[in-house]
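Trainee: Requesting a structural model of the entry that follows:
(chains A and B)
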Amino acid sequence: MNAFEVPEVDYDQYTNRQLAAVPLAVLALAILILVGWSLFVSGSVAAPGAPVSPGIDFTGGSELTVVTSMSKAEIGDEFDTEPISVQQAAENAEAETVGPNENQYIVRFQSFDTQSLRDQAQSTDMELLSSSSTSATFGGDNQTTAVVGVLIAFAGMSAIVFALFRSFVPSIAVVVSAFSDIVIPLAAMNVLGIELSLGTVAALLMLIGYSVDSDILLNNHILRRSGSFYESVHRAMETGVTMTLTSLSAMAVMAVVASFFNIQLMASIGTVLVIGLAADLMNTYMLNLSLLRWYKFEGVNR
Amino acid sequence: MSGLRDNWRIILLVVLALGSTVTLLVPGATVATGDNATAQTDGANASAAGITNLQYGIQLDGGSRIRAPIVGITAENVGIQPVGQGDSTNETRAIEDELVSQLGVDPVDVNARAPNEPNADGTVEVYTENVTQAELAAALQEQGYDVSESDVRDGVTRATRDEMVEVIDEKLSQSALSGGSVQSAQSATGQNFVVIEAPGRDIDELRSIVASRGIVRVYGGYAADNGTFVRQQIVSREDIDGIGNARKVDGRQGYQVSVTIREDAVDQFLDGVRATGLDEPNTARGAISCEYNAENPNQSSGKCLIASLNNEVVTAKGVSPGLVQLFADGSFANDPTFVIETNTREEARNIELSLKAGQPLPAPLDFQNAQTTSLEPALADQFKTNSLITGIIAVLAVSIAVYLRYGDPRVAVPMIVTALSEVLLLLGFVSAIQFPLDLSHIAGFIAVIGTGVDDLIIIADEILQREGVATGRVFQNRFRKAFWVIGAAAATTIIAMSPLTVLGLGDLTGFAIITIVGVLIGVLITRPAYGDILRRLVLDEEERSE
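Mentor: I've put the predicted structure just below:
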């Protein structure tokens, strides 16, 4: 009667090494991208830069939302300082009825002197809908705070997981999966050209929560329930995969709809979560599972 | 069946859901408590909230926000006598006067504070960008205080920050910016700053109010024998008792603000008037005429009554025969009121606001290093509608996924209804405490729906597994098992989000608060209720099959 069933995977076919190899390879690739980005894209080998591209929330800069009949290039020419980017709010004409105005543009600048930028915009026939600016010092502060926030959140999550399971391998399995769930979307952001913003930091923190859900569920079924290992795995997967896919569909929809409406905060949260939840599926049912199987069948006896 | 006892969780949920609906929809049903509430209530009235009692922040209602540090440096560990011991008032004044001449700064830009407790040290602050830490340390050493350069830090003292907040708050409430709020905050790196919000207002408007220090001074000016034009201050803010509203001058061009001198300062004021010769007419009809040269004050002639705002001369005018007469015979003391005349309404209004704020801003705000946000109400409306649509579509996606998985609407429908009731409770909560909603909070709501549905799936799978929930004990056991996972996941989410509630990350703070409150509502109220709903469902089925 169910329209979608979680398929029963024949884990017996694969060794623990084989199972763990795939997620570990993806994690390695992600780390490689981040390191490469830091050494060759944002910085140099001598002076490594940031592993991701921080947006104006972190570097400082300004953003104006304007409505104008001018073209993208014309908008750029109206300002003394060259904008970093001029983005059209809605590319397609149908958007006129529901979404933002077709003539609505988001213009970003490295300069954070909003007052003069606002004056320049208002002196032309642009209608100014919003402006925001972050000074470089505030941006730097935000960056430190965001990094500290993510680290504290991660440390807090690890502490709770260790307190819940009180044994090393199952706990570290959850922590490693969660780490990979964060690192993979970070690398993907570089590839897709998504900048790190306060919104994407929020998404990474949400990922800690989502990621741990399915891992705790799996560990709980395997370690604390009766029944064979594979029975437990299958039951945990039935619930866990449903959970993750449900969240994934909600986030995918949110990413698409919000980018259509040009609500960037929600769009970037959605995109990062879609990637992170997909990574979570892989990490939970390959990496975490292989570690647990090793622990259950070999590790415990040692 | 003892319905009440078995179903108390469902009943609690229904009661709370009804309560939330009331708080959300019935006008005036909110219990405004807490700082947010008091700060934001006016804003709600001004924006004539829609059909709900929800409060919206800048991003969803339009308005402006400025986060700016305060300009200044502070020398700590300055050995000033504590308050109440010796003559600390004179000592601090002496330090200030000396610094003014040493550093060549305006008297309002230095502030020495004696410690409030014995054995503590005092502080000396300088509120200008033109003095370096080394210069302040050197100046204090010259005065004989044991202060090294490492004792001087960027930023101002807590007392100054509190004064800043107080004065800005007063300025906002005196201006037309209803619903404006101000508070001081600290970033994770220890940087202190002031956050000023004005719902529904343009950033230029907000900036013009808080950018001005509001230092009003009145001088008497006269051409001295040595060819210079001497300016002597005769009134400062402390001497003023009453301030009139800025208004147009009758029958002539120009605007005016009337000012009343405090009774016990009148003598001092009249001394100043006489010292600058404003009691001796210099025209035939008994008035005082003034030719003030703004470009080059020393080229001025005559005698002038000069008013300055933030050290810039706003107006310099002569004195009418009547007032000269009052000054001359001292009867001014009977009704110690005179008017400051300006050319434009804006100048008059600025003087009025600055005087009414009680005291000038202790220190300037550092707009060079500020963070600003400003949204037109039109764009905010667009965000409001579109994020609502986005949320609804996301809920639909979740519903479809859940329905596809379980096939049985009797499992799926209560699941979706429960998840939505979680949102309803959360909305009731935020409207009850008048928490202003922003875009980032909508993301928090989505996070709550997401984890909420996840947990409901865990409960459903655990309780519906195989057959035989006939006895209450089996149900209890399964429910407890499911709850272990849910509780563990909730604890992790709360721990992960809690640092964000205290780190001053602006947008993320609200996101974290919403997520934590939502998870708590879910774990304590809605998710247990869903367990009960499922049990009824399963029991009914078994009764029927028997």
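Trainee: in the stretch 201-302 of chain A, which spans are helices?
Mentor: Under the criterion DSSP state H, counting those that start in this stretch, the stretch 201-302 of chain A contains helices at A:229-261, A:264-282, A:289-294.
Trainee: Send me stretch A:211-225 as PDB with only the CA atoms.
Mentor: C-alpha atoms of stretch A:211-225 as PDB (Å, rounded to 0.1, in the frame of the first residue of the first chain):
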ATOM      1  CA  SER A 211      22.700  14.700  10.800                       C
ATOM      2  CA  VAL A 212      22.700  13.500  14.300                       C
ATOM      3  CA  ASP A 213      19.000  12.500  14.200                       C
ATOM      4  CA  SER A 214      19.500   9.600  11.700                       C
ATOM      5  CA  ASP A 215      22.800   8.600  13.200                       C
ATOM      6  CA  ILE A 216      21.400   8.300  16.700                       C
ATOM      7  CA  LEU A 217      18.400   6.400  15.400                       C
ATOM      8  CA  LEU A 218      20.700   3.900  13.700                       C
ATOM      9  CA  ASN A 219      23.000   3.500  16.700                       C
ATOM     10  CA  ASN A 220      20.000   3.100  19.000                       C
ATOM     11  CA  HIS A 221      18.500   0.400  16.900                       C
ATOM     12  CA  ILE A 222      21.700  -1.600  16.600                       C
ATOM     13  CA  LEU A 223      23.100  -1.200  20.100                       C
ATOM     14  CA  ARG A 224      20.000  -1.100  22.300                       C
ATOM     15  CA  ARG A 225      17.500  -3.300  20.600                       C
END
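Trainee: Buried residues of that stretch, list them for me.
Mentor: Neighbour-count burial for stretch A:211-225, counted by 16 or more other CB atoms under 10 Å in any protein chain shown, picks out A:Ser211, A:Val212, A:Asp213, A:Ser214, A:Asp215, A:Ile216, A:Leu217, A:Leu218, A:Asn219, A:Asn220, A:His221, A:Ile222. Quick note: C-beta positions are derived from backbone N, CA and C, even for glycine.
Trainee: swap in stretch B:142-152?
Mentor: Using 16+ other CB under 10 Å as the test for burial, stretch B:142-152 gives B:Tyr145, B:Val147, B:Asp151, B:Val152.
Trainee: With stretch A:163-175 instead?
Mentor: By neighbour count on 16+ other CB under 10 Å, the buried set for stretch A:163-175 is A:Leu164, A:Phe165, A:Pro170, A:Ser171, A:Ile172, A:Ala173, A:Val174, A:Val175.
Trainee: These also near chain B: which ones?
Mentor: Filtering the buried residues of stretch A:163-175 for neighbours of chain B using CB under 8 Å from any CB of the partner chain leaves A:Leu164.
Trainee: picking that back up, out of the helices of the stretch 201-302 of chain A, which is closest to B:Leu375?
Mentor: helix A:264-282 (12.7 Å; CB to CB).
Trainee: Give the other helices and strands that that closest one contacts.
Mentor: On a contact count with 3 or more CB pairs under 8 Å, 6 or more residues apart in numbering or on different chains; DSSP states H and E, helix A:264-282 meets helix A:16-36, helix A:168-192, helix A:198-224, helix A:229-261, helix B:439-464.
Trainee: would you put the C-alpha positions of it in CSV?
Mentor: Presented in CSV, the C-alpha positions along helix A:264-282 are these (Å, rounded to 0.1, in the frame of the first residue of the first chain):
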residue,chain,number,x,y,z
GLN,A,264,18.4,34.7,-0.8
LEU,A,265,18.6,33.7,2.9
MET,A,266,16.1,30.9,2.5
ALA,A,267,17.5,29.9,-0.9
SER,A,268,21.0,29.4,0.4
ILE,A,269,19.8,27.6,3.5
GLY,A,270,17.7,25.3,1.3
THR,A,271,20.6,24.5,-1.1
VAL,A,272,23.1,23.8,1.6
LEU,A,273,20.7,21.5,3.4
VAL,A,274,19.8,19.6,0.3
ILE,A,275,23.5,18.8,-0.3
GLY,A,276,24.1,18.1,3.4
LEU,A,277,21.1,15.8,3.8
ALA,A,278,22.2,13.9,0.6
ALA,A,279,25.7,13.6,2.2
ASP,A,280,24.0,12.5,5.4
LEU,A,281,22.2,9.6,3.7
MET,A,282,25.6,8.3,2.4
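Trainee: what angle sits between it and helix A:229-261?
Mentor: Helix A:264-282 and helix A:229-261 meet at an angle of 160 degrees, taking axes from the mean of the first three to the mean of the last three CA atoms, to 10 degrees as the criterion.
Trainee: got the buried residues for helix A:264-282?
Mentor: Residues of helix A:264-282 classed as buried by neighbour count (16+ other CB under 10 Å): A:264-282.
Trainee: lowest-pLDDT helix or strand in the chain?
Mentor: Chain wasn't specified; assuming chain A. Least confident element among the helices and strands of chain A, by mean pLDDT, DSSP states H and E: helix A:95-98 (a mean of 45).
Trainee: I was thinking of chain B, sorry if that wasn't clear
Mentor: Ranking every helix and strand in chain B by mean pLDDT, DSSP H and E puts helix B:34-46 at the bottom, with a mean of 39.
Trainee: Just the closest of the buried residues of stretch B:142-152 to chain A, please.
Mentor: Proximity of the buried residues of stretch B:142-152 to chain A (CB to the nearest CB) peaks at B:Val152, which lies at 18.9 Å.
Trainee: Quick one: low-confidence residue ranges for chain A.
Mentor: Residue ranges of chain A with pLDDT under 70: A:1-5, A:89-102, A:299-302.
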